[in-house]
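Asker: coords please:
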Amino acid sequence: MPALNTQALSSKSGDYSRPRFARKRLLLGVVIATALLVLLVALLIARWPFRQSAVVSAFEEAAGGKIEMGSFRQTYFPSPGCVAERVTYRLGSDPRSLVTVDRLTVQSNLLGLLTRHISRIRVDGMRVFVPPAGSREKFQGLNPGSTGVDTIEIHESTLEVPRKQPGKPAVAFGIHQITLHPITSVGSIHFAARFTNPEPPGEIAASGQFGPWKGVETPVGGDYMFQNADLGTFEGIAGILSSQGRFSGTLRHINVSGKISIPDFEVKRSEHRVALNSEFKAYVDGVNGDTFLQHVSSQFSKTTVVSEGKIAGTQGHRGKTATINLKTGNGRIEDILRLFTKAEQPPMAGEVSFKGIAILPPGKMRFLKKVELEGDFGISDSNFTRPSTQEKVNQLSQNAQTETREKIEKEDKAKGKEQEAKEEVADRSAPPVVSDLQGHVALKNGTATFSNLSFYIPGAHAQMHGTYDLISEKIDLHGTLKMDSDLSDTAHGAKAVVLKLIDPFFKKKRGGGSDVPVKIGGDYHNPTFGMDAGKASKRIFSGAK
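Answerer: Numbering: from 1, shown residues only. Got it, this is the predicted structure:
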């Protein structure tokens, strides 16, 4: 019997034991991993937040209202979560839906399942209905104990704000996208938004932060850019507006500052386009949308207008009314008139100052019919740009100076300087400048009513009152012309003889010259200057001045 090779047997025995030990170790690992997986699955099942009842409860806890869902399904891969469709949100006992959502997508991850945390909520097709003024139901903000959310994305949605008038359609803001992060009730939420402004229609991009929620005292701040706003939707004006600036404050009082540019501003009736640029400081009541202008500096051509006022709703009236206090100094009257006249050249040129108030109520009336303006103005060193108008002013001035001019001419001739006298007379017949044109104007229903209107031209001082219709361009001014010369000096031949007879009725009470009732009529294209025959006759026959 051969001897046993104990060494070989020992070696083989060791080889068999190692695989068995490895298999046991692998099996133990599998058992432990399975146990952990089962424990994790059990834990996830126990804490699985995406059952419909759990999701509804979480949203109601967060927003403090009533949530309903038309359809609901859970998702597991690649991200655990859920998808709900036809979602509605109501406040308290109010039967109206304040928010409706076409599709709501909620996404989390494994860690989020354990910590009750949501990575992303996407909202598509949301409509938000702002409760009307006086509604008893108020949004109270986010509940501090609600599930944490990293980001909310809102796509292609609408914000509808009711009008004060019953039966009128709400004002709708088209929201292209809003991104909010992080969603918290105790700190600020950062936002970025792109939406369409309804009036005037244009695109707004804004970013910043708001919160924590304190109702109308919720802090808010950021930057905005408003582009391609079409002013043509407003009756009577046109142009494409752009603006950019900053805002800060609370929802009740949002301070706004920035710049506005309208490269092609136009009052439609005039068909004249001007570049209008403004810098402003204002504040907005975020509750009702009223805007209060603290300082606005607007520049067009060579004129700068400084203003302040408000654009706000008024009790018992639809829409918002703009009430603006205006003032300008060292401006140009031709710049202002160019906005309102059709003619290629404005009727007058000169330096202007103005202080007054303008009111622009809401509505679809023509701009010149609904705008109201009242104030005091002064125009210095001015002249009329139309040759025919200026010629009539020249003639008026020459008639008023006849006596003085003839006296100078006779004195020069007596000195043997006839040629020099002719040159001097020619110089004196150059177009006179209208100086110190000032008065009070009230514009309403397209008609400007002037009072205390006075102006000087060489040889005469006029005091007048009357109207100018901005729509028909009809002129109807009446007053008195105080001339350095006598009335008879304004004519020659037989007419001068007749006027000599009535000179006494038109003598100034003090000093030489005449005090003659005059009128300016016609229209912008063909104004007429002359004696007011009715008042002149009354003076002659009554003997009263």
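
Asker: Quick one: low-confidence residue ranges for the stretch 101-250 of the chain.
Answerer: Along the stretch 101-250 of the chain, segments meeting pLDDT under 70 span 112, 114-115, 132-147, 163-168, 185.

Asker: Now do the strands in it.
Answerer: Counting by DSSP state E, counting those that start in this stretch, residue ranges of the strands within the stretch 101-250 of the chain are 117-129, 148-161, 171-181, 189-197, 202-210, 219-230, 237-238, 240-250.

Asker: could you dump the third one to PDB, C-alpha only?
Answerer: The C-alpha coordinates for strand 171-181 follow below in PDB (Å, rounded to 0.1, in the frame of the first residue of the first chain):
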ATOM      1  CA  VAL A 171     -56.100  93.200 -18.300                       C
ATOM      2  CA  ALA A 172     -53.900  90.200 -19.200                       C
ATOM      3  CA  PHE A 173     -50.100  90.000 -18.800                       C
ATOM      4  CA  GLY A 174     -48.600  87.300 -20.900                       C
ATOM      5  CA  ILE A 175     -45.800  85.600 -19.000                       C
ATOM      6  CA  HIS A 176     -43.300  83.800 -21.100                       C
ATOM      7  CA  GLN A 177     -41.100  82.500 -18.300                       C
ATOM      8  CA  ILE A 178     -40.400  83.000 -14.600                       C
ATOM      9  CA  THR A 179     -37.700  81.300 -12.700                       C
ATOM     10  CA  LEU A 180     -37.800  81.400  -8.800                       C
ATOM     11  CA  HIS A 181     -35.100  80.000  -6.500                       C
END
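
Asker: For residue 63, which non-adjacent residue is closest in space?
Answerer: Using Cβ to Cβ, 6 or more residues apart in numbering and skipping residues adjacent in sequence, the residue nearest residue 63 is residue 89, 6.6 Å away. The way it works is simple: take the backbone N, C-alpha and C, and place the C-beta from them, glycine included.

Asker: Surely the one you found is within a helix?
Answerer: No. Residue assignment for residue 89, taken from DSSP: H, G, I helix; E, B strand; the rest coil, gives strand, which places it outside any helix.

Asker: pLDDT score assigned to residue 448?
Answerer: For residue 448, the pLDDT comes out at 92.

Asker: show me what contacts residue 479?
Answerer: 453, 462, 463, 464, 465, 466, 517, 518, 519 (Cβ atoms under 8 Å, 6 or more residues apart in numbering).

Asker: Burial check on the residue nearest to residue 63, number of neighbours?
Answerer: Residues lying near residue 89 (other Cβ atoms under 10 Å) number 19.

Asker: Can you tell me which of the strands of the stretch 101-250 of the chain is nearest to residue 365?
Answerer: Comparing these against residue 365 with Cβ to Cβ, the closest turns out to be strand 237-238 (12.5 Å).

Asker: what lines up beside that closest one in the sheet?
Answerer: Using DSSP bridges, the strands paired with strand 237-238 in its sheet are strand 253-267 (antiparallel).

Asker: Please point out which parts of the partner strand sit buried.
Answerer: Taking 16 or more other Cβ atoms under 10 Å as the basis for neighbour counts, the residues of strand 253-267 that come out buried are 253, 254, 255, 256, 258, 260, 262, 265, 266, 267.

Asker: Quick check, the residue nearest to residue 63 in contact with residue 65.
Answerer: Yes. Using Cβ atoms under 8 Å, residue 89 and residue 65 qualify as a contacting pair, with a distance of 5.3 Å.

Asker: joint contacts of these two?
Answerer: A shared contact of residue 89 and residue 65, defined by Cβ under 8 Å, 6+ apart, is any residue touching both; here these are residue 98.

Asker: Closest one to residue 200 out of the buried residues of strand 253-267, please.
Answerer: Checking the buried residues of strand 253-267 one by one against residue 200 (Cβ to Cβ), the nearest turns out to be residue 262, at 10.6 Å.

Asker: Make sure the closest one is actually in contact with residue 238.
Answerer: No. Between residue 262 and residue 238 there is no contact, the gap being 9.5 Å when judged by Cβ under 8 Å.

Asker: Mind listing the shared neighbours of these two?
Answerer: residue 231.

Asker: How many residues are close by residue 214?
Answerer: Neighbour count of residue 214, defined by other Cβ under 10 Å: 12.

Asker: measure it to residue 497 for me?
Answerer: Distance, residue 214 to residue 497, by Cβ to Cβ, to the nearest Å: 89 Å.

Asker: Next: residue 443.
Answerer: From residue 443 to residue 497 the distance is 45 Å (Cβ to Cβ).

Asker: Neighbour count: these two, which is higher?
Answerer: In this view residue 443 and residue 497 are compared by other Cβ under 10 Å, and residue 443 has more residues nearby, 20 against 11.

Asker: what's the spacing between the more buried one and residue 467?
Answerer: The value you get for residue 443 to residue 467, if Cβ to Cβ is used, is 10 Å.

Asker: Grab the nearest non-local neighbour of residue 436.
Answerer: With Cβ to Cβ, 6+ apart as the measure, residue 456 is the residue that lies nearest to residue 436, at 5.1 Å, once sequence neighbours are left out.

Asker: you'd agree the one you found is up against residue 481?
Answerer: No. Look at residue 456 against residue 481 with Cβ under 8 Å: they stay out of range, at 10.9 Å.

Asker: just to revisit the earlier point, and the contacts of residue 479, which are buried?
Answerer: When neighbours are counted using 16+ other Cβ under 10 Å, these contain these buried positions: 453, 462, 464, 465, 466, 517, 518, 519.

Asker: For the residues you listed, please prepare a markdown table with the additional fields secondary structure and pLDDT.
Answerer: What follows is the buried ones among the contacts of residue 479, written out as a markdown table (DSSP: H, G, I helix; E, B strand; the rest coil; pLDDT from 0 to 100):
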| residue | secondary structure | pLDDT |
| --- | --- | --- |
| 453 | strand | 91 |
| 462 | strand | 86 |
| 464 | strand | 91 |
| 465 | strand | 95 |
| 466 | strand | 95 |
| 517 | strand | 88 |
| 518 | strand | 87 |
| 519 | strand | 91 |
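
Asker: wait, which of those residues is closest to residue 366?
Answerer: So of the buried ones among the contacts of residue 479, ranked by how close each gets to residue 366 (Cβ to Cβ), first place is residue 466, at 22.8 Å.

Asker: need the contact list for the closest residue to residue 75 other than its chain neighbours.
Answerer: Spatial nearest neighbour of residue 75, excluding adjacent residues (Cβ to Cβ, 6+ apart): residue 81 at 4.9 Å. When contacts are counted by Cβ under 8 Å, 6+ apart, residue 81 is found next to 50, 74, 75, 105, 106, 107, 108, 118.

Asker: Buried subset of those as a ChimeraX selection?
Answerer: ChimeraX command restricting the contacts of residue 81 to the buried ones, with burial defined by 16+ other Cβ under 10 Å:
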select :50,105,106,107,108,118
